[in-house]
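K.L.:
return atomic coordinates for the entry below.
(chains A and B)
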Protein chains: 2
Amino acid sequence: MSMNKMSEAPIGVFDSGVGGLTVTREIMRQIPNEKIIYFGDTARVPYGSKSQEVVTRYSKQIIRFLRTQDVKAIVIACNTASAMALPEIEKEIDIPIIGVVRPGARVAASATKNGKIGVIATDATIGSDVYTEYIQQINPNVQVIGKACPLFCPLIEEGLWQDPVTDEIAMRYLSELIDIDIDTLILGCTHYPLIRSTIGRIMGDKVTLVNPAYETASSLKELLETDHLLNESETGLGSNKYRFFVSDSAKKFQNFANTIIKYGILSAKVINIEEY
Amino acid sequence: MSMNKMSEAPIGVFDSGVGGLTVTREIMRQIPNEKIIYFGDTARVPYGSKSQEVVTRYSKQIIRFLRTQDVKAIVIACNTASAMALPEIEKEIDIPIIGVVRPGARVAASATKNGKIGVIATDATIGSDVYTEYIQQINPNVQVIGKACPLFCPLIEEGLWQDPVTDEIAMRYLSELIDIDIDTLILGCTHYPLIRSTIGRIMGDKVTLVNPAYETASSLKELLETDHLLNESETGLGSNKYRFFVSDSAKKFQNFANTIIKYGILSAKVINIEEY
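P.N.:
From the prediction side, this is the model:
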């Protein structure tokens, strides 16, 4: 591809399932000219309870698939895969790739005033300690307290965004972070922005909630600018602008996706990701 | 293998993860001479939200793996895989194979007095309508009411077996079955026996709870007797009697498994199931 053509190529975005759509929505908003190929690994969701080895193997399969679609850059729109697989993958890949962890860590590090940052995420992300590592690379004096919230994803996927049960579970997960007096909380799983209002109410006004989706989209924009890969030509909302692939059950994905993204996900195509 | 040797071969048991251990425990109790090879697909758990195509593909991979271990019979200790994959698999396979759905359906059909049976299970099992089909093959006049309970598995895996949150979620799921006045309730997911006391308390004394695990172990015993495959020789509790394999994260599996099975699961081996 010529450089000109290259800039018109799509961005590949992937997640273990639907959560990455909150990042995709932010990319659509901040760089509206870009085409997007989204892959949700709905056959093997969730990643948050899996090991590094398995998450890395799955992520590599997905990247092989995305590259068959001639993407110019890749966004790992999943905290678990960003935490567990990106460090290995970025050594090997020859196109721009970013995850959601580093941008989230950067914002949190600059937002905290009392030097106490909380991170809520999956078991796998918390276990990897990668938020702590990135934040302390920026400021070694910041204390980072991680809390795994394994029930949030199932509750969110069941639609209980505003529900006494979600409130109760959130109180249990968040109480120790309140006790420690954090002033900044990273929503370290792409599902969590969907219950932002519940989390915000429990944490109170004095705690800044960081949604890595916003910062990831900004970082992506910068990265594409630096590499002269930003698409300058306008792209209409045709069926080729945003394309969605899943590894299972397109219908369920579409239903959930349509609650997150307003453009209307008309079709998602099922592929067998194990073949990649 | 000679017929004699054949009867000493292990039984292969599989599930999407840890739930099938409730069935395994029943097999250990009812036919204690048998060797067991257990496979838990912990890398791809849960199956309950997946499509028939994917669950069938995964089940076939697992059966190919189990056959490399020279099993004499196979138990699908997972309601979702029994509902979605067994009908196709049993046409192709040349060793005895049973699932948990048919045995559970049989008990429920004979237990009901008012002809109203409830089934609680995963989305996939309920969507397949296979409990209704099997029960109505036995008695076409029985009414079968299915209710998907997608949050039960995550709650159970988080250890909230006795918890106000599990009570609240159970009340929501079960209230319509109470309103319809069922007198028999099938615990149609191998996790659910672990919250049997919660379910029993909400349903009340007049409702018979059917745990397919018990009946599956009995059916297996009969099947092996008929085929002269029952192991008559005593097997000690050596490391080869019960062997456990998983597709990810053996440690987490072992921790959970040890809360279900008392023999102590000393080791579970991780294999890459996608290679089968």
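K.L.:
CA only for contacts and neighbour counts going forward, please
P.N.:
OK.
K.L.:
now the residue in the stretch 151-276 of chain A that chain B sits nearest to. Nearest residue, chain neighbours left out?
P.N.:
Ranked by CA to the nearest CA, the top residue of the stretch 151-276 of chain A for proximity to chain B is A:Ser249, at 5.9 Å. Leaving out its chain neighbours, the residue that sits closest to A:Ser249 by CA to CA, 6 or more residues apart in numbering or on different chains is B:Ser51, at 5.9 Å.
K.L.:
pretty sure that neighbour is touching A:Asp248, no?
P.N.:
Yes. If you go by CA atoms under 8 Å, B:Ser51 and A:Asp248 touch, sitting 6.6 Å apart.
K.L.:
quick one, which of these two is more surrounded?
P.N.:
It is A:Asp248, of B:Ser51 and A:Asp248, that has more neighbours when counted by other CA atoms under 10 Å in any protein chain shown, with 28 against 19.
K.L.:
so how far is A:Arg201 from the closest residue to A:Lys206 other than its chain neighbours?
P.N.:
Nearest non-adjacent residue to A:Lys206, counting by CA to CA, 6+ apart: A:Asp183, 6.4 Å away. Computed as CA to CA, to the nearest Å, the A:Asp183 to A:Arg201 distance reads 14 Å.
K.L.:
could you do A:Arg243 as well?
P.N.:
As judged by CA to CA, A:Arg243 and A:Arg201 stand 35 Å apart.
K.L.:
looking at these two, which has the bigger crowd around it?
P.N.:
Comparing A:Arg243 with A:Arg201 by other CA under 10 Å, the one with more neighbours is A:Arg243, at 19 against 11.
K.L.:
what about A:His191, how many residues nearby?
P.N.:
Around A:His191 there are 24 other residues, counting by other CA under 10 Å.
K.L.:
give the contact list for it.
P.N.:
For A:His191, the contact set (CA atoms under 8 Å, 6 or more residues apart in numbering or on different chains) comprises A:18-20, A:22, A:152-153, A:156.
K.L.:
out of those residues, who's nearest A:Gly115?
P.N.:
Nearest to A:Gly115 among the contacts of A:His191 is A:Phe152, at 26.0 Å by CA to CA.
K.L.:
re the thing from before, residues contacting the residue of the stretch 151-276 of chain A closest to chain B?
P.N.:
Residues counted as contacts of A:Ser249 (CA under 8 Å, 6+ apart) are A:42-43, A:270, B:50-51.
K.L.:
mind listing the helices for the stretch 1-150 of chain A?
P.N.:
Along the stretch 1-150 of chain A, the stretches classed as helices by DSSP state H, counting those that start in this stretch are A:3-7, A:21-30, A:52-68, A:79-84, A:86-92, A:101-111, A:123-128, A:130-138.
K.L.:
and if you look at the stretch 151-276 of chain A?
P.N.:
Using DSSP H, counting those that start in this stretch, the helices found in the stretch 151-276 of chain A span residues A:152-157, A:164-179, A:196-203, A:212-226, A:250-260.
K.L.:
now the second one - C-alpha only, PDB.
P.N.:
Spelled out, it's helix A:164-179. Extracted in PDB, the C-alpha atoms of helix A:164-179 (Å, rounded to 0.1, in the frame of the first residue of the first chain):
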ATOM      1  CA  PRO A 164     -29.700  -2.900  44.300                       C
ATOM      2  CA  VAL A 165     -27.700  -6.100  43.800                       C
ATOM      3  CA  THR A 166     -25.000  -4.300  41.800                       C
ATOM      4  CA  ASP A 167     -25.000  -1.600  44.500                       C
ATOM      5  CA  GLU A 168     -24.500  -4.200  47.200                       C
ATOM      6  CA  ILE A 169     -21.700  -6.000  45.400                       C
ATOM      7  CA  ALA A 170     -20.100  -2.600  44.500                       C
ATOM      8  CA  MET A 171     -20.200  -1.600  48.200                       C
ATOM      9  CA  ARG A 172     -18.300  -4.700  49.200                       C
ATOM     10  CA  TYR A 173     -15.700  -4.400  46.500                       C
ATOM     11  CA  LEU A 174     -15.100  -0.600  47.000                       C
ATOM     12  CA  SER A 175     -15.300  -0.300  50.800                       C
ATOM     13  CA  GLU A 176     -11.600  -1.100  51.300                       C
ATOM     14  CA  LEU A 177     -10.600   1.500  48.700                       C
ATOM     15  CA  ILE A 178     -12.700   4.100  50.500                       C
ATOM     16  CA  ASP A 179     -11.100   3.100  53.800                       C
END
